[in-house]
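**Q** structure, please.
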Amino acid sequence: MQYNFRAIVDGHKLPISAPLLPLFEAIVNSIQSIQETGKSDGLIQVKIIRDLPINNSFYWETDIYSFEVVDNGAGLSINF
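**A** Presented below is the predicted three-dimensional model:
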């Protein structure tokens, strides 16, 4: 399944006070990096890194510790 992430990102404008603004920016940078290469098989992977689960196996509730955004574009990968 393929998604047009550029259209998705363009369609969602976040306010400056949004806590996920760095993630938004990292995804936009990945899109631009892939566009620079001219690749038709661009790939962006977003990994959500969480603390250890705090409940039993029926519920998986943890705090998000960080995000990892990796792409196959011309730029570099950033962990934050």
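
**Q** in stretch 17-29, what's buried?
**A** By neighbour count on 16 or more other Cβ atoms under 10 Å, the buried set for stretch 17-29 is L23, A26, I27, N29. For glycine as for every other residue, the C-beta is placed from the backbone atoms N, C-alpha and C.

**Q** looking at those, which are in helices?
**A** Among those, the ones falling in helices (DSSP state H) are L23, A26, I27, N29.

**Q** quick one: the third one and D51, what's the gap?
**A** When you say that, I think you mean I27. Using Cβ to Cβ, to the nearest Å, we find I27 at a distance of 23 Å from D51.

**Q** in a markdown table, list the buried residues of stretch 17-29 along with pLDDT and distance to V46.
**A** Shown next, in a markdown table, are those (pLDDT from 0 to 100; distance: Cβ to Cβ, whole Å):
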| residue | pLDDT | distance to V46 |
| --- | --- | --- |
| L23 | 89 | 7 |
| A26 | 91 | 8 |
| I27 | 92 | 7 |
| N29 | 90 | 12 |
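
**Q** which member of the residues you listed is positioned nearest G73?
**A** Of all the buried residues of stretch 17-29, N29 has the smallest distance to G73: 8.6 Å, by Cβ to Cβ.

**Q** many thanks, have a good one.
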